[in-house]
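Undergrad: I would like the atomic coordinates for the input below:
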Amino acid sequence: MGAAVAVAAVGALLALGDRHTPLRGPFTLFFLLAAPATAIGAALRGLDPLARAVVSVAGALAVDLLVAQGMLAVHRWSVRGGVVAVTVLSSLVLLLVLVRHRRGRTARRRA
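TA: Predicted coordinates for the structure are as follows:
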């Protein structure tokens, strides 16, 4: 798990820093798949592991394609912009999951 996070972080940094290295493409692609898949997987805690993995990867592909399509539609496509947009969307989903989880925990304690 730690290695995957490190590879994803390096991919995002290479894309944002505009570094020219052979690892930039694969690491950035890994980040673009792993970040939204992790966020979606966190939101789907009730599913069994295999279904959760399949839905998370499919959702990550959908998020990436929607971000790319939206940026192309407004003529603002860039690699940096795409990475930032996917990062923001994934972070928002994770934040909503954390807020929902904390509210659920406090509501159970009060009852």
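
Undergrad: Who are the packing partners of the longest helix anywhere in the chain?
TA: Ranked by residue count under DSSP state H, the longest helix found in the chain is helix 79-110. Packed against helix 79-110 by the contact rule (3 or more CB pairs under 8 Å, 6 or more residues apart in numbering; DSSP states H and E) you find helix 2-17, helix 24-43, helix 49-73. Glycine gets a C-beta too; all of them are placed from N, C-alpha and C.

Undergrad: Need the residues that contact the last one.
TA: The list of residues contacting helix 49-73 from outside it, by CB atoms under 8 Å, 6 or more residues apart in numbering, reads 32-38, 40-41, 44-45, 47, 77-78, 81-82, 85-86, 89-90.

Undergrad: taking the mean pLDDT, what do you get for it?
TA: Averaged across helix 49-73, the pLDDT comes to 96.

Undergrad: Pull out the buried residues from that helix.
TA: 52, 55-57, 59-60, 63-64, 67 (16 or more other CB atoms under 10 Å).

Undergrad: again, but for the second one
TA: By neighbour count with 16+ other CB under 10 Å, helix 24-43 contains the buried residues 24, 27-28, 30-43.

Undergrad: Now do the contacts for Pro26.
TA: Gly11.

Undergrad: Now with 10 Å, please.
TA: 7, 11, 14 (CB atoms under 10 Å, 6 or more residues apart in numbering).

Undergrad: separation between it and Leu33?
TA: 11 Å (CB to CB, to the nearest Å).
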